[in-house]
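**Student:** model the structure of this input:
(2 chains, ligands or ions: 6)
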Protein chains: 2
Amino acid sequence: MELFAVPDVPEVGPGDDLAAVVRERVDLREDDVVCVASTVISKAEGRQADLSEFPAGPRAREIAANLEAATGEEKDPRFAQAVLEESVELLTESPFLLTETRFGHVGVNAGIDRSNVPDHDLLLLPKRPSESAERIRAGLPADRVVVTDTCGRPFRHGQRGVAIGWAGTRASRDWRGETDREGRELGVTVENVVDELAAAANLLAGEGAGGTPVVVVRDFEWGDHGGSDEHFRDAGTDFVRQALRGWEYDG
Amino acid sequence: MELFAVPDVPEVGPGDDLAAVVRERVDLREDDVVCVASTVISKAEGRQADLSEFPAGPRAREIAANLEAATGEEKDPRFAQAVLEESVELLTESPFLLTETRFGHVGVNAGIDRSNVPDHDLLLLPKRPSESAERIRAGLPADRVVVTDTCGRPFRHGQRGVAIGWAGTRASRDWRGETDREGRELGVTVENVVDELAAAANLLAGEGAGGTPVVVVRDFEWGDHGGSDEHFRDAGTDFVRQALRGWEYDG
Ligand SMILES: Nc1nc2c(ncn2[C@@H]2O[C@H](COP(=O)(O)OP(=O)(O)O)[C@@H](O)[C@H]2O)c(=O)[nH]1
Ligand SMILES: Nc1nc2c(ncn2[C@@H]2O[C@H](COP(=O)(O)OP(=O)(O)O)[C@@H](O)[C@H]2O)c(=O)[nH]1
Ligand SMILES: [Mn+2]
Ligand SMILES: [Mn+2]
Ligand SMILES: [Mn+2]
Ligand SMILES: [Mn+2]
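**Tutor:** Residues are numbered from 1 along each chain as shown, chains lettered A, B, ... in the order given. Ligands and ions are numbered 1, 2, ... in the order given. Down below sits the predicted model:
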């Protein structure tokens, strides 16, 4: 399996055809997986925004005030408003805003970025990343597209690449019913392949000014396994989410 | 960047020299990253165990009884005893046992596996995976070793490869103080590279009878960045852990 970054991707702006950008720069094969950083998809889809577009309501002002008190840092209530508008549920309000986005992803600040956004205050995540993936895929000779973002997680330090959308592939490889080397049924049953692909791609994309938002994974073999498209846990079976609902930060 | 599985790794048993096994099968380069599934390290280190070695105390019997009630499945109190002995903290007791292992990793059942373990009931995780990584590294021409496991996580469906030990590399790439394409300071600051390498390796290692526990990552470039070795969050700053401490499963 080989990974390489698409070279010389220009600064991406509203209306840009990302599939064309990629197509013109690499000879893709049908079975390549094209991993695209959500940041450039957002830019192409016009998801740049300014704080002035989010006049803060009373809830956002309350959240910002609590965050200021908890962190000792200045917090713009308009930013809280933007996070609220991008979210369907707030999991924590303090000491940071952890929410579920409209498409089911749980992340800090609804994944709104303030880095790599020219001429605007904010970059919102793509509205429906799997639809974005499908649109890009339609313009590529490659069959599979994964939309990535970088975010943190409980229990483990630091951030890593994750998949927030995908097309042309199942999200997970299903080992259910298969047996181990001893013929015993497997413990691990559902391997989230798109998250693993996103993590791998992130090693090359990086987080900074590198300018490498698109990474091609070549010769990844799915193997003879089933697949499924569950990806974000639903609230009903997510015990950590239930625990967070009943929790309050006490300093 | 290229990844390939080490071919023809035999069944690993107590006392085996994993570095020799790898060395004899691939021509490693100094800057290769060798990712080794914890399962074969455990086997080499004699971490196979039988349930009879874990006579259940009252706490384990209570936990197993609660798990049976919550799940409707039969639970062996000796398995609960094994998990207790491998753990320093129980984060949830029901509907599954989520614990912190003695080396700081948070996982279900303290990472004890029942798959791919010949002639024994259980395979415990390596006692100190980063020390295992260092021992293997000492016998290899490659400079970097990552010990992997597969486990689940909050918010996201399925399992994926993670790093539980490492040697010859820092755990995370540090983007702090660096700027984005606009010269603005970065939002994402600490990229957990060993977790991303483990996720990438897992795409090739798989979860089943494949027999590919060692994956080489070639031509991964760290780049001109600092690094740090924080990896498992400590309890004091892990809000999800705090929330779980106050939570109880109610069916
Ligand atoms: N060529 C190019 N690279 C970009 C652009 N925007 C971001 N990047 C690069 O994309 C990669 C990922 O950026 P990041 O802000 O971490 O994106 P995210 O992980 O999707 O939030 C980095 O290498 C950035 O330098 C752009 O418009 N053009
Ligand atoms: N060659 C060989 N492969 C093994 C052995 N034990 C496990 N594997 C393989 O190692 C890979 C990872 O196994 P898994 O049980 O998921 O390990 P874990 O992720 O570390 O818990 C799979 O490809 C297994 O078939 C062994 O003793 N020899
Ligand atoms: Mn982002
Ligand atoms: Mn990123
Ligand atoms: Mn395991
Ligand atoms: Mn595994």
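
**Student:** residues contacting the closest residue to A:E131 other than its chain neighbours?
**Tutor:** Distances taken as Cβ to Cβ, 6 or more residues apart in numbering or on different chains place A:G165 nearest to A:E131, at 7.5 Å, with adjacent residues excluded. All C-beta atoms are positioned from the backbone trio N, CA, C, and that covers glycine. Residues near A:G165 by Cβ atoms under 8 Å, 6 or more residues apart in numbering or on different chains: A:S38, A:F103, A:P126, A:R128, A:P129, A:S130, A:E131, A:S132, A:A133, A:V146, A:V147.

**Student:** what's around the fifth one, how many residues?
**Tutor:** To tie it back to what came earlier, the one meant is A:P129. 28 (other Cβ atoms under 10 Å in any protein chain shown).

**Student:** equivalent analysis for A:V26, please.
**Tutor:** 19.

**Student:** what of A:G223?
**Tutor:** 10.

**Student:** so it touches A:R173, yeah?
**Tutor:** Yes - with contacts counted by Cβ atoms under 8 Å, A:G223 reaches A:R173, the gap being 7.4 Å.

**Student:** any idea how far the closest residue to ligand 2 within chain A is from B:T150?
**Tutor:** Using Cβ to the nearest ligand atom, A:R181 is the residue of chain A that sits closest to ligand 2, at 5.4 Å. Remark: distance between A:R181 and B:T150 (Cβ to Cβ, to the nearest Å) = 15 Å.

**Student:** neighbour count for those two, which is higher?
**Tutor:** B:T150 (27 against 15).

**Student:** check the offset of the strand or helix carrying the more buried one from the chain's centre.
**Tutor:** Assigned by DSSP states H and E, B:T150 belongs to strand B:144-151. The chain centroid and the centroid of strand B:144-151 are separated by 6 Å under Cα atoms, centre = their mean, to the nearest Å.

**Student:** other SSEs contacting it?
**Tutor:** strand B:33-37, helix B:38-44, strand B:106-108, helix B:129-138, strand B:160-167, helix B:193-205 (3 or more Cβ pairs under 8 Å, 6 or more residues apart in numbering or on different chains; DSSP states H and E).

**Student:** what's the domain layout of chain A?
**Tutor:** Domain assignment for chain A by automatic domain parsing gives A:1-47+A:130-251, A:48-125.

**Student:** how about the residues of the stretch 1-150 of chain A by ligand 1?
**Tutor:** Contact residues (Cβ under 6 Å from any ligand atom) of the stretch 1-150 of chain A with ligand 1: A:9, A:11-12, A:37-40, A:43, A:113, A:115-116, A:148-150.

**Student:** selecting buried members of the residues you listed in ChimeraX, what would you type?
**Tutor:** Of these, the buried ones can be selected in ChimeraX as follows, counting by 16 or more other Cβ atoms under 10 Å in any protein chain shown:
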select /A:9,12,37,38,39,40,43,113,115,116,148,149,150
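
**Student:** and which of the residues of the stretch 1-150 of chain A next to ligand 1 is nearest A:A209?
**Tutor:** For those, the minimum distance to A:A209 (Cβ to Cβ) is 8.0 Å, reached by A:N116.

**Student:** what ranges of the stretch 151-251 of chain A fall below the confidence cut-off?
**Tutor:** Counting by pLDDT under 70, not a single residue of the stretch 151-251 of chain A qualifies.

**Student:** A:Q242 against B:W247, yeah?
**Tutor:** Yes - A:Q242 is in contact with B:W247 according to Cβ under 8 Å; the separation is 6.8 Å.

**Student:** which residues touch the nearest residue in space to A:A110 that is not next to it in sequence?
**Tutor:** Nearest residue to A:A110 in three dimensions, chain neighbours excluded: A:E86, at 3.8 Å (Cβ to Cβ, 6+ apart). By Cβ under 8 Å, 6+ apart, A:E86 lies in contact with A:T99, A:T101, A:R102, A:A110, A:G111, A:I112, A:L124, A:L125.

**Student:** ok, now how distant is the closest residue to A:P7 other than its chain neighbours from ligand 5?
**Tutor:** Nearest non-adjacent residue to A:P7, counting by Cβ to Cβ, 6+ apart: A:R25, 6.0 Å away. The gap separating A:R25 from ligand 5 is 39 Å, by Cβ to the ion, to the nearest Å.

**Student:** also A:L3?
**Tutor:** Taken as Cβ to the ion, the span from A:L3 to ligand 5 is 25 Å.

**Student:** just the pLDDT for that residue.
**Tutor:** Looking at A:L3, its pLDDT is 98.

**Student:** am I right that it sits in a strand?
**Tutor:** Yes - assessed by DSSP: H, G, I helix; E, B strand; the rest coil, A:L3 belongs to a strand.

**Student:** now the helices for the stretch 151-251 of chain A?
**Tutor:** With helices called from DSSP state H, counting those that start in this stretch, the stretch 151-251 of chain A shows them at A:193-205, A:239-245.

**Student:** need the winner for burial among these.
**Tutor:** Across the helices of the stretch 151-251 of chain A, averaging neighbours per residue (mean count of other Cβ atoms under 10 Å in any protein chain shown) puts helix A:193-205 on top, at a mean of 28.

**Student:** ok, is it in contact with chain B or not?
**Tutor:** Yes - contact of helix A:193-205 with chain B (Cβ under 8 Å from any Cβ of the partner chain) involves A:V193, A:D195, A:E196, A:L197, A:A199, A:A200, A:N202, A:L203, A:L204.

**Student:** partner residues bridging A:V146?
**Tutor:** A:C35, A:W166 (DSSP bridges).

**Student:** in CSV: the helices of the stretch 151-251 of chain A, plus distance to ligand 3.
**Tutor:** Below are those laid out as CSV (distance: least, Cβ to the ion, whole Å):
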stretch, distance to ligand 3
helix A:193-205, 11
helix A:239-245, 21
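
**Student:** quick one: closest of those helices to ligand 1.
**Tutor:** helix A:193-205 (4.5 Å).
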